[in-house]
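Asks: Attaching a predicted model along with its sequence, questions to come.
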Amino acid sequence: MKLGPSGDTSHYDGPGLVLSQFRKSRNRIDEVNHCEVGIAGGGIIGLSAALELAAAGLKVTVFERGRAMAESSWAAAGMLAAGDPENPAALRPLAKLSAGLYPQFLANIERLAGERIPVRTSRTIQGVRQLPEGLHDLDTAELAALAPGLAAGSLKFFSLDEPSLDPRDLARALPRAVRAAGVTLLENTAVTAVNAQARGVRIETDSGTWSAEKMIHCSGAWAAELTDIPIVPRKGQMVVVEGPERLNVVLRTPEIYLVPRSNGLIAVGASVEEAGFDKQVYPATTARLLDLAAALWPPVRTMRVVDAWAGLRPATTDGLPVIDTCGEHCWVAAGHFRNGILLAPGTARVLLEMISGEPLSVDLEPFRCGRFAASSVHT
Ligand SMILES: Cc1cc2nc3c(=O)[nH]c(=O)nc-3n(C[C@H](O)[C@H](O)[C@H](O)COP(=O)(O)OP(=O)(O)OC[C@H]3O[C@@H](n4cnc5c(N)ncnc54)[C@H](O)[C@@H]3O)c2cc1C
């Protein structure tokens, strides 16, 4: 007995008809399952890249294993900490580019999504043990005016003109914005393999196969599953408090930060832990965070804990992201560690420049994949 293409006999009406039906369905599949650029990962890095590429006229599909913006990008504190003295020096040009693009990035998302992403604070009071060269520290009166209640201890403080936002606002608006920009965002769709083919890549997902001319890996702390780049998760636990005392600036030291949300809530964070993919919140850790926060800003001691969560930062051994080509027709943008919210628009910009062969806005040498191979040879 001759079988139809799917192996059953019920719709078999002779070879001619079967062949034409088969061709028709193949065409339909090819038409549906093709895009110019496929992006694995619907966090802030993948979605910002999708927005930038779509604005340049590219047909983009984002594959997101779970819900878009529900992992590290949802868990972040939301500081745009371009001036944090803890940042590696090599990050500064990209951080500066990204911070400069932010107003335009937010305005574009707001226009496309039809909702506001308010800037929650516009100043950070940074505590340090040693003042960076060229900066002057705030005196007691200045500190009392900017951050009433601050317990300076032995630290010196300086003021940074640095905004913060609530990543939950972005988590709501960014997926809407990318869809409004014409991007296909497929949630609950995990990329399981990417293979180079003659003129692009074949993307295997858990709900079908796609072909694309280009592929970008933006899968955050999970990027090592699909690439051979050593990106690992660094867990961060955070806790939110609420109370009558108001804070209008971000307070940050190398040990702890307090980020007010402008609605009376203050996010306190964050731990940096090697805990694999564990996202559980542990009371002992949040208690330690609250102790550190209260030592810096004593009103925390009497505030009510209203929320706590943990997220997985994508980390590399040198604390710098990986933004590079990684195999034929493939690129990677991952490993943004503690600064992925800040670095998203800048990363999206340089990805577009790389992909279209335009001059780069910043030198990407510090972010190359090859640096890991080199360091493993030397150690
Ligand atoms: C507690 C905490 C506080 C932070 N605070 C700040 C801050 O104040 N400022 C700042 O700039 N940054 C901050 N960060 C860092 C920032 O959150 C991250 O750098 C950034 O979110 C990384 O974005 P991403 O898109 O690479 O990763 P994610 O947001 O984790 O997105 C990756 C996505 O890829 C998906 N994925 C994984 N594998 C696959 C697959 N095979 N197929 C399809 N999809 C896949 C995941 O489901 C996920 O949605 C903080 C992080 C944490 C945890």
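Replies: Okay, I see it.

Asks: Which residue ranges of the stretch 201-350 of the chain form strands?
Replies: Along the stretch 201-350 of the chain, counting by DSSP state E, counting those that start in this stretch, strands occupy 208-217, 232-242, 250-252, 257-260, 265-269, 304-315, 322-325, 330-334.

Asks: Format those as a markdown table; extra columns: distance to Ala152 and mean pLDDT.
Replies: In this view, the C-beta of every residue, glycine as well, is placed from N, C-alpha and C. Formatted as a markdown table, these follow (distance: least, C-beta to C-beta, whole Å; pLDDT from 0 to 100):
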| stretch | distance to Ala152 | mean pLDDT |
| --- | --- | --- |
| strand 208-217 | 44 | 96 |
| strand 232-242 | 21 | 98 |
| strand 250-252 | 11 | 98 |
| strand 257-260 | 14 | 98 |
| strand 265-269 | 18 | 97 |
| strand 304-315 | 25 | 98 |
| strand 322-325 | 38 | 97 |
| strand 330-334 | 38 | 98 |
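
Asks: Output these in a markdown table, with mean neighbour count appended to each entry.
Replies: Listed next are the strands of the stretch 201-350 of the chain as a markdown table, based on neighbours: other C-beta atoms under 10 Å:
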| stretch | mean neighbour count |
| --- | --- |
| strand 208-217 | 21 |
| strand 232-242 | 22 |
| strand 250-252 | 26 |
| strand 257-260 | 25 |
| strand 265-269 | 24 |
| strand 304-315 | 19 |
| strand 322-325 | 21 |
| strand 330-334 | 26 |
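
Asks: Distance to Gln126 added to those strands, as TSV?
Replies: TSV is the format used below for the strands of the stretch 201-350 of the chain (distance: least, C-beta to C-beta, whole Å):
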stretch	distance to Gln126
strand 208-217	33
strand 232-242	19
strand 250-252	5
strand 257-260	9
strand 265-269	15
strand 304-315	20
strand 322-325	26
strand 330-334	27
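
Asks: Touching, Pro314 and Gly340? I think so.
Replies: Yes - the pair Pro314 / Gly340 is scored as a contact, 7.2 Å apart, by C-beta atoms under 8 Å.

Asks: pLDDT below threshold where in the protein?
Replies: 1-32, 374-379 (pLDDT under 70).

Asks: need the helices for it, in chain order.
Replies: For the chain, helices defined by DSSP state H occupy the ranges 15-32, 44-55, 72-75, 92-113, 140-146, 167-180, 283-296, 340-355, 370-378.

Asks: can you pull the buried residues of the fifth one?
Replies: The one in question is helix 140-146. The neighbour-count check on helix 140-146 (16 or more other C-beta atoms under 10 Å) flags 143, 146 as buried.

Asks: And that helix, what does it pack against?
Replies: Applying 3 or more C-beta pairs under 8 Å, 6 or more residues apart in numbering; DSSP states H and E, one finds that helix 140-146 contacts strand 156-160.

Asks: quick one: contacts for Glu115?
Replies: Going by C-beta atoms under 8 Å, 6 or more residues apart in numbering, Glu115 touches 172-173, 176.

Asks: Could you pick out the residues of the stretch 51-200 of the chain near the ligand for me?
Replies: 63-66, 70-73, 75-79, 81, 190-191 (C-beta under 6 Å from any ligand atom).

Asks: I appreciate the help and will end here.
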